[in-house]
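# Let's see this in three dimensions:
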Amino acid sequence: MPAYDDQNIFAKILRREIPCLKVYENDRTFAFLDIMPRSPGHTLVIPKAPARGILDISADDFAEVARTAKTIAVAAMKAFNAEGIIVQQFSEAASGQVVFHLHMHVMPMRSGVELLPAQSRTEDMKVLEDHAARLIAALGGN
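Here you go, the predicted structure:
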């Protein structure tokens, strides 16, 4: 397996070199909106630890990512009046992973509304700002 590359876009987001719409952060994880969402409120949850994917992350760090994904999922259900949640994690190129820093996708869903194709369009920044504010409010302002 290739080594972790600390120049990937998520590592740069963690170092605040690239802006993002952060919705949640704790000591071990960071959550922000996907700028090419597949559903309204599509959030990415990443570890602060350098990990390429599930194959090289520590069990404790992965567990914290999963806990944060659940926190985001519960808030997203409320913030977007969702009827369900999709949580996805891809590791390595053959699985569909594009950014090689472990991340979980948390996507609120409504019946009859299909996911947009992956990486198909960049959402308007005003829409993303509204979605971030809704998620932050549902998280209790964290």
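# which residues pair with the residue sitting nearest the centre point of the chain across the strands?
Nearest to the geometric centre of the chain sits residue 44, at 0.5 Å (C-alpha atoms, centre = their mean). Residues in a beta bridge with residue 44, per DSSP bridges, are residue 32, residue 105.
# give the contact list for it.
When contacts are counted by C-beta atoms under 8 Å, 6 or more residues apart in numbering, residue 44 touches 10, 31-34, 103-106. Heads up, the C-betas are built off the backbone N, CA and C, glycines and all.
# Now the two most distant members of these.
Farthest-apart pair in the contacts of residue 44 is 10 and 106; separation 14.9 Å (C-beta to C-beta).
# who has more neighbours, the two?
residue 106 (28 against 20; other C-beta atoms under 10 Å).
# Going by neighbour count, which residues of the lengthiest helix in the chain are buried?
In the chain, assigned by DSSP state H, the helix with the most residues is helix 59-79. Counting neighbours by 16 or more other C-beta atoms under 10 Å, one finds that the buried residues in helix 59-79 are 61-62, 64-65, 68-69, 71-73, 75-77, 79.
# swap in stretch 103-121?
Here stretch 103-121 shows 103-109, 116 as buried, counting by 16+ other C-beta under 10 Å.
# circling back: among the contacts of residue 44, which one lies nearest to residue 17?
For these, the nearest to residue 17 is residue 10 (10.8 Å; C-beta to C-beta).
# I'd like the buried residues of helix 59-79 laid out as CSV, including distance to residue 123.
Converted to CSV, these look like this (distance: C-beta to C-beta, whole Å):
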residue, distance to residue 123
61, 29
62, 28
64, 27
65, 23
68, 22
69, 21
71, 22
72, 17
73, 20
75, 19
76, 15
77, 20
79, 15
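# All set, thanks.
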